[in-house]
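Chemist: curious how this folds, go ahead:
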Amino acid sequence: MRTEATIRIAPSAVKRIGPARVGIGGPVGSGKTALIEALVPRLIGQGYDIAVVTNDIATREDAERLQKSGLIAPERVVGVETGACPHTVIREDPTLNLEAVDLLDRRFPKLDLVIVESGGDNLASTFSLDLVDYWLFVIDIAGGGDIPRKRGPGVLQCDLLVVNKTDLAPHVRVDMDAVRRDVAKARGPKPALFTNCLTGEGIDAVIAELRRSVLLDA
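Modeler: Below is the predicted model:
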């Protein structure tokens, strides 16, 4: 799908030659890796050439999980050890991640998309647009129904908010109707989607949004 002359036009109006770059951030345990595991086989099945960069503070655990998953060739996953607060290497100084993306781009010159997963962080986590063209922020119902009301830069500034683990609402006494109202109030016209990564609920909608806003072929 990609040609050498392809120019990606990011939501920030930055023009970049090469694969589209999508960031996925959010708190620890919100389901970032699970979201990638749900997205990757569907995107590959639709003909996209994909690679993944993961970030962890002192390990490559998420990278190893994906490499062993059987969902994507292991050599298409690169792990970055941040050695510091995870948002530092996706926002303040994304050099390590830029190098990882460039490595994958050289290794696989027909890449359509590189997904960059942040290490688990708080609601203040955001991505530098020097690193990504578009970014998702993942929160989960198990973390509490008040997260959308607490807002924070991640919830407010991301291109797409993903509210995950919707199936857990009755088990943690969360009113999903109230959450939906709070999300709509916090996000305004910006998109937000609700998912259950284990069952695949909502994943097709996430892909449709990526195709429309990032991959520019839908």
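
Chemist: can you map out the helices along this structure?
Modeler: Using DSSP state H, the helices of the chain run over residues 32-45, 61-67, 95-107, 147-150, 153-157, 176-187, 203-210.

Chemist: would CSV of those helices with mean neighbour count and mean pLDDT be doable?
Modeler: Every residue, glycine included, has its C-beta placed from N, CA and C. Putting the helices of the chain into CSV (neighbours: other CB atoms under 10 Å; pLDDT from 0 to 100) gives the following:
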stretch, mean neighbour count, mean pLDDT
helix 32-45, 20, 97
helix 61-67, 19, 94
helix 95-107, 17, 97
helix 147-150, 18, 93
helix 153-157, 19, 96
helix 176-187, 15, 97
helix 203-210, 17, 98
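
Chemist: between these, which one is nearest to L216?
Modeler: Using CB to CB as the measure, helix 203-210 is the one of the helices of the chain that comes nearest L216, at 10.0 Å.

Chemist: just the CA coordinates of stretch 166-180, formatted as CSV?
Modeler: Presented in CSV, the C-alpha positions along stretch 166-180 are these (Å, rounded to 0.1, in the frame of the first residue of the first chain):
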residue,chain,number,x,y,z
THR,A,166,-16.2,-2.0,29.2
ASP,A,167,-17.3,-5.5,30.2
LEU,A,168,-16.0,-4.9,33.8
ALA,A,169,-18.4,-2.0,34.5
PRO,A,170,-21.0,-4.1,36.5
HIS,A,171,-18.2,-5.8,38.5
VAL,A,172,-16.6,-2.5,39.6
ARG,A,173,-19.9,-0.6,40.1
VAL,A,174,-19.4,1.8,37.3
ASP,A,175,-22.4,3.4,35.5
MET,A,176,-21.5,3.2,31.8
ASP,A,177,-24.2,5.7,30.8
ALA,A,178,-22.5,8.3,33.2
VAL,A,179,-19.1,7.4,31.8
ARG,A,180,-20.3,8.0,28.2
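
Chemist: number the chain from 42, please
Modeler: Sure thing, new numbering starts at 42, so read that last one as stretch 207-221.

Chemist: so what touches stretch 212-223?
Modeler: Stretch 212-223 is contacted by residues 182-183, 185-186, 189-190, 204, 207, 209-210, 235 when judged by CB atoms under 8 Å, 6 or more residues apart in numbering.

Chemist: tell me the two of those that are most distant?
Modeler: Greatest spacing in these, by CB to CB: R190 and L209 (18.1 Å).

Chemist: show me the shaky parts of this protein.
Modeler: For the chain, the stretches flagged by pLDDT under 70 are 42-57, 259.
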